[in-house]
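J.: Sequence first, predicted coordinates after that:
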Amino acid sequence: MSTSSANLPSEAASASVAQPRTTWSLAAEPLTRGSVGLQAALRGALLGDGPAAARRRLLLLVLLPALVWCPTLGFDFVLDDAGTFLEDPLAQGPLNLPAIFGSTVHVERSTLPYYRPGITFTYWLDRTLWESNPAGFHLTNLAWHVLNVLLAYALIRRAGVGPGLGLAAAALFGVLPSHAEAVAWVQGRVDLAASAFLLAAATCALLLRERPTPLRWVGALLAFALALLAKETAVALPGLLVLLWRVKGTEPWRATARRLAPFLATLIAYVGLRRAVLSAATGFALAYDRLPARALGLIAVLVEYVRIAVWPGLLPNFHLAVAPNGSVSPAQAGMGLAIALGLLLVTIVGRTAAYTHRRFWMPAVAGAGWFLLALAPALGVVALQNAPAVGFLVTERYVYLPALGLCVMAAFWMGRLSPRSGWAPGAMTLLLIVASGGALARAQSWRDAETMYRAILPRTADRALAHGNLGTLYLERGETQAAIAEFDAVLREDPTQPAALNNLGVARARQGRADEALALYREALQRKPHYAMAWNNLGVLMEERGEWAEARAAYQKALAIDPTLVQARRNLEELGTGAPGERGDGR
């Protein structure tokens with residue numbers, strides 16, 4: 001059977017015996033004729049073989065996700081967006097590629113052990129084009145997502161799947177509600193860009209199997225390198241390539257290994273570059289001794305990611321704690337085993353079916369395999385040394401690329417839905433409408449910082465982070481009492497958090513309660529002696545009390561820790577000249 005049998009809607013190839021005509025069938029005959037006519041019109045418009053039908057398919061794949069996600073253009077920055085790219089010196093000013101490629105990721109005044117120079121370059125480009133206008137940054141995210149939809153369609157078609165199934169799977173991928181975090185949050189671009197380059201590399205790799213040329217080799221390896229420079233999870237590509245090459249047809253494993261070798265060499269070169277910049281292959285200290293204890297928790301993690309991809313709910317799935325104590329409920333264990341057995345069954349059936357039916361099953365096999373292989377780097381099999389002994393953090397943007405496999409499976413089974421009745425196109429259209437509505441509703445949680453923090457509070461494992469960011473937001477608005485309530489909530493979660501102690505001190509100082517503020521600053525510095533902002537705020541308080549020597553010493557200490565702290569430098573200069581003015585405190 002050819003791969004075109006997987007199109008939506010499919011047609012039965014065998015003859016059928018005429019059945020007696022009943023009163024019901026006679027009454028339904030006009031409706032059936034209308035359905036068949038509509039089906040024929042859709043097939044001719046979208047599933048035809050001519051260039052006009054191909055252009056209409058591409059136009060649909062551009063317009064559908066663009067219309068569904070265009071409300072994000074009115075969204076603001078949330079979480080630590082400002083500290084990640086608005087305040088990063090590498091993302092503004094003249095382009096400095098050596099510095100970008102020789103630096104790790106910076107968030108505010110902290111350095112994270114990630115190596116993603118490609119993303120820093122996109123932030124620099126956005127800053128150059130849009131300055132600090134959030135609409136421009138969100139437009140870039142939307143463009144990445146639409147590009148991914150087109151690349152997903154190209155990959156599915158290149159894998160040998162017909163235009164119907166390819167169109168249905170790519171369209172569903174474009175409006176999947178679980179994409180809200182990746183598309184609506186500016187920093188979700190990490191997953192968008194890495195997915196785009198990985199899809200491009202996979203498409204070029206399929207072309208290599210048909211006819212290897214120097215241009216195709218350069219395209220495939222360059223796209224893979226760019227994917228790795230966007231996000232570390234692109235290491236899944238070699239496994240995905242083996243899957244796709246086997247889907248295209250059997251070949252000697254030696255030929256697969258020879259074709260895979262340049263990709264592995266590119267991966268080794270990336271690891272070497274990353275190690276040179278981070279002084280470690282991963283950037284994190286890993287705890288391999290916890291691996292046996294975490295194995296059972298993977299069942300719960302797999303269940304949660306499938307749940308997020310299929311039914312994410314209305315609230316964001318941001319940093320959810322899964323199996324925090326190493327415990328897996330009977331329901332999670334049962335669902336995990338059912339999912340694993342189901343994916344295994346699809347694979348076994350596809351691999352053991354008669355050769356004439358092998359191509360029939362390949363879309364389902366490839367979809368299941370894609371989901372598992374693309375998700376593998378994000379599962380967190382190996383724990384971090386400073387993380388809880390057992391437990392996983394799950395977030396929905398990690399399922400962005402893996403969800404393509406589930407979209408292929410959904411489109412495939414829709415194509416098998418009563419093939420002769422013509423229900424498949426209607427069912428797929430209904431699914432796209434429901435998914436689009438879900439995407440529109442879920443994206444609203446990311447429209448501004450306050451809405452986002454309120455939305456994640458009920459479920460996130462980072463409750464202290466959400467409360468702290470809300471408090472900072474209220475403090476900036478001048479809503480001091482509301483800010484105090486949020487900082488108190490942080491300290492209930494973690495009584496020793498230096499940032500919350502410092503921020504609560506700022507709020508108390510604004511209320512005129514200087515003694516309480518002084519005690520809070522000193523406690524924050526006791527917890528974190530090298531906290532430059534707390535030293536600056538202590539200096540402001542000392543100056544207001546007329547203790548000039550102590551104020552000068554505090555400002556100098558802040559600048560010794562962080563020479564770029566503008567507030568401390570300005571306060572010290574004004575203290576030296578005796579210039580009046582409002583001193584700059586900070587959070």
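T.: Cool, got the structure.

J.: how does the chain divide up, domain by domain?
T.: Using automatic domain parsing, the domain parsing of the chain gives 39-450, 462-577.

J.: Helix or strand for the residue lying closest to residue 444 once chain neighbours are set aside, just tell me which one.
T.: Spatially, and ignoring its direct neighbours in sequence, residue 444 is nearest to residue 451 (7.3 Å; CB to CB, 6 or more residues apart in numbering). (Each C-beta comes from the backbone N, C-alpha and C, glycine too.) Assigned by DSSP states H and E, residue 451 belongs to helix 449-456.

J.: Please enumerate the strands of the stretch 251-400 of the chain.
T.: 286-287, 320-322, 383-384, 392-394 (DSSP state E, counting those that start in this stretch).

J.: Which secondary structure elements does the second one sit against?
T.: Counting contacts by 3 or more CB pairs under 8 Å, 6 or more residues apart in numbering; DSSP states H and E, strand 320-322 packs against helix 297-310, strand 392-394.

J.: residues touching residue 500, list them.
T.: 464, 468, 471, 487, 490-491, 494 (CB atoms under 8 Å, 6 or more residues apart in numbering).

J.: Then residue 230?
T.: Counted by CB under 8 Å, 6+ apart, residue 230 has contacts 116, 118-119, 190, 193-194, 197.

J.: Can you tell me which of those are classed as buried?
T.: Neighbour counting by 16 or more other CB atoms under 10 Å classes 116, 118-119, 190, 193-194, 197 among the contacts of residue 230 as buried.

J.: Can I get the contacts of residue 500 in TSV including distance to residue 218?
T.: Converted to TSV, the contacts of residue 500 look like this (distance: CB to CB, whole Å):
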residue	distance to residue 218
464	48
468	47
471	51
487	54
490	51
491	55
494	51
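
J.: just the buried members of these?
T.: Applying 16+ other CB under 10 Å to those flags 464, 468, 471, 487, 490-491 as buried.

J.: And the residue nearest the centre of the protein?
T.: The chain has residue 397 as the residue nearest its centroid, 2.7 Å off, counting by CA atoms, centre = their mean.

J.: Touching, that residue and residue 188? I think so.
T.: Yes: here residue 397 lies in contact with residue 188, judged by CB atoms under 8 Å, at a distance of 5.1 Å.

J.: any shared contact partners between these two?
T.: Common neighbours of residue 397 and residue 188 (CB under 8 Å, 6+ apart) are 181-182.

J.: Which helix or strand in the chain has the lowest average pLDDT?
T.: Sorting the helices and strands of the chain by mean pLDDT, DSSP states H and E puts helix 23-46 at the bottom, at a mean of 47.

J.: what residue ranges in the stretch 351-500 of the chain score low on pLDDT?
T.: 351-361, 381-391, 417-423 (pLDDT under 70).

J.: That should have said the chain, apologies.
T.: Residues of the chain that meet the cut-off, pLDDT under 70, sit at 1-48, 108-110, 280-296, 323-361, 381-391, 417-423, 576-587.

J.: Residue 106 sits in which helix or strand?
T.: strand 105-107.

J.: Next, the buried residues of stretch 124-142.
T.: Per 16+ other CB under 10 Å, stretch 124-142 contains these buried residues: 124, 126-127, 134, 137-142.

J.: What is the nearest of the residues you listed to residue 569?
T.: residue 127 (23.7 Å; CB to CB).

J.: How about the secondary structure of the closest one?
T.: helix (DSSP: H, G, I helix; E, B strand; the rest coil).

J.: follow-up on the earlier one: please list the outside residues in contact with the helix holding residue 451.
T.: 76-79, 315-316, 318-319, 444-446, 462, 466-467, 469-470, 473.

J.: which is the next helix or strand following that helix?
T.: helix 463-477.

J.: Next, the angle from that next one to helix 449-456.
T.: 160 degrees (axes from the mean of the first three to the mean of the last three CA atoms, to 10 degrees).

J.: tell me how far helix 463-477 is from the chain's mean position?
T.: 23 Å (CA atoms, centre = their mean, to the nearest Å).

J.: Who are the packing partners of the helix or strand that comes right after it?
T.: Per DSSP H and E, the first helix or strand lying C-terminal to helix 463-477 is helix 480-493. Contacts defined by 3+ CB pairs under 8 Å, 6+ apart place helix 480-493 against helix 463-477, helix 498-510.

J.: contacting residues around residue 142?
T.: 65-66, 69-70, 72-73, 183.

J.: Sort out for me which of the residues you listed are in helices.
T.: 65-66, 69, 183 (DSSP state H).

J.: Considering the residues you listed, which possesses the most neighbours?
T.: Counting neighbours by other CB atoms under 10 Å, residue 183 leads those with 29 neighbours.

J.: hang on, it packs against residue 72?
T.: Yes: taking CB under 8 Å as the definition, residue 183 is a contact partner of residue 72 at 6.3 Å.

J.: residues shared between the contacts of these two?
T.: With CB under 8 Å, 6+ apart, residue 183 and residue 72 have common neighbours 141-142, 443.

J.: What distance do you get for the closest residue to residue 305 other than its chain neighbours to residue 72?
T.: Spatial nearest neighbour of residue 305, excluding adjacent residues (CB to CB, 6+ apart): residue 399 at 5.3 Å. Distance from residue 399 to residue 72, counting by CB to CB, to the nearest Å: 19 Å.
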